[in-house]
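Visitor: Predicted coordinates and the sequence they were generated for:
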Amino acid sequence: MMKLSNCKISIQLVVILSLLTISIMALFLGLIWYSQSAMLASSVTGMETIKTTLEESGKGISEKLRQNVVNVNGTVSTTVETLSKKNLDTLAHQASIEIRIGIEGALEQSRALVNLIKVYKSETGTPDRQYILNNLAAINRENPHYLGVWAGFEPNAFDGKDVDFAKKTEMGCTETGRFIPNAVTKDKKIMFDLLGDIDTSDYYTVARDKQREYVTPPFEYQGTVMISVAVPIELNGKFIGVAGIDLDAAIVKEILDKPAYR
């Protein structure tokens, strides 16, 4: 009887220990699950926090980038505008220089012609009109872009022989013989026209009245728009005439039409 009772007690202890072990394991597993759940919840919360922080940071960065882009665009636009203006100013300056060089070249040629006339008259007792015509023709021939090369003298101021050359228009002389030749090219030949409206046109009157070189504004003459450069001729302190060159005003358009100035 004692052995049977001891066996029952042993079985009961084993059962109790087993149940206790299961309870402890269940409790342990419960603790693990709770811990993992808490960690997961914490992780989720952390992820949400990170997400929110990134979104806020992203908004801030985007705004800064947008502001930077605006600033950069503004700077670039201003820079481009400034550079464009400087470029246009430079091109305009270059074009004006080229135009001025063309006009200055004609002025230099006119000054040389005036000096030639003065020296010739000073050294020659009986100046020859043909000599002047030959020089006008030579300048015209050497510069085919000139519309005309001319010299207009006051009545009887060249040689005092106007009456001897009356109506010799082929030599650039008027009905009264006044010497006002203009060397022009017609049909590939150099001929001599008379200067038009000499006593009322500023190419002559300004140089005469103000005793200075003069460049006319563009004007139309016989269907051609031109510019005249004029240099007064003075000899022994006395005004005797004007020499000059006619330029086609289209030269200005040709310069401005160059690819560099478009």
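Guide: Cool, the structure landed. Residues are numbered from 1 along each chain as shown.

Visitor: so what's the backbone phi/psi at Leu247?
Guide: phi -110, psi 140 (degrees, to the nearest 10).

Visitor: can you check Tyr131 too?
Guide: The phi/psi pair for Tyr131 (degrees, to the nearest 10) is phi -60, psi -40.

Visitor: Assign Leu116 to helix, strand or coil.
Guide: At Leu116 the chain is in helix, as set by DSSP: H, G, I helix; E, B strand; the rest coil.

Visitor: so which helix or strand takes in the residue nearest to it when sequence neighbours are not counted?
Guide: Of all residues not flanking Leu116 in the chain, Asn135 sits nearest, at 6.3 Å (Cβ to Cβ, 6 or more residues apart in numbering). Quick note: C-beta positions are derived from backbone N, CA and C, even for glycine. Assigned by DSSP states H and E, Asn135 belongs to helix 129-142.

Visitor: model confidence over that helix, on average?
Guide: Averaging pLDDT along helix 129-142 gives 97.

Visitor: isn't the residue nearest to Leu116 right next to Val114, touching?
Guide: No: the pair Asn135 / Val114 is not scored as a contact, 11.3 Å apart, by Cβ atoms under 8 Å.

Visitor: Who has more neighbours out of those two?
Guide: Ranked by neighbour count (other Cβ atoms under 10 Å), Asn135 and Val114 place Val114 first, with 22 against 18.

Visitor: Let me know the pLDDT of that one.
Guide: 97.

Visitor: Next up, the contacts around it.
Guide: Going by Cβ atoms under 8 Å, 6 or more residues apart in numbering, Val114 touches Val231, Pro232, Ile233, Ala243.

Visitor: most surrounded residue in these?
Guide: Ala243 (27 neighbours).

Visitor: which residues does that one bridge with?
Guide: Taking DSSP bridges as the rule, Ala243 bridges to Ala151, Val231.

Visitor: wait, doesn't it sit right on Lys118?
Guide: No: the criterion here is Cβ under 8 Å, and Ala243 misses it with Lys118 at 9.9 Å.

Visitor: Quickly list what's touching both of the two.
Guide: Contact criterion Cβ under 8 Å, 6+ apart; residues shared by Ala243 and Lys118: Ile233.

Visitor: part of a strand, is Pro127?
Guide: No: going by three-state DSSP, the assignment for Pro127 is coil, not a strand.

Visitor: residues near it, how many?
Guide: 18.

Visitor: Same question for Asp248.
Guide: So Asp248, with other Cβ under 10 Å, has 17 neighbours.

Visitor: and the closest residue in space to it that isn't next to it in sequence, helix, strand or coil?
Guide: In space, and not counting its chain neighbours, Asp248 is closest to Leu147: 5.4 Å by Cβ to Cβ, 6+ apart. With three-state DSSP as the basis, Leu147 sits in strand.

Visitor: Give me the distance between Leu147 and Glu220.
Guide: For Leu147, the distance to Glu220 equals 12 Å [Cβ to Cβ, to the nearest Å].

Visitor: Then Val229?
Guide: Distance from Val229 to Glu220, by Cβ to Cβ: 17 Å.

Visitor: which one of the two has more residues nearby?
Guide: Shown here are Val229 and Glu220; by other Cβ under 10 Å, Val229 has more neighbours (24 against 9).
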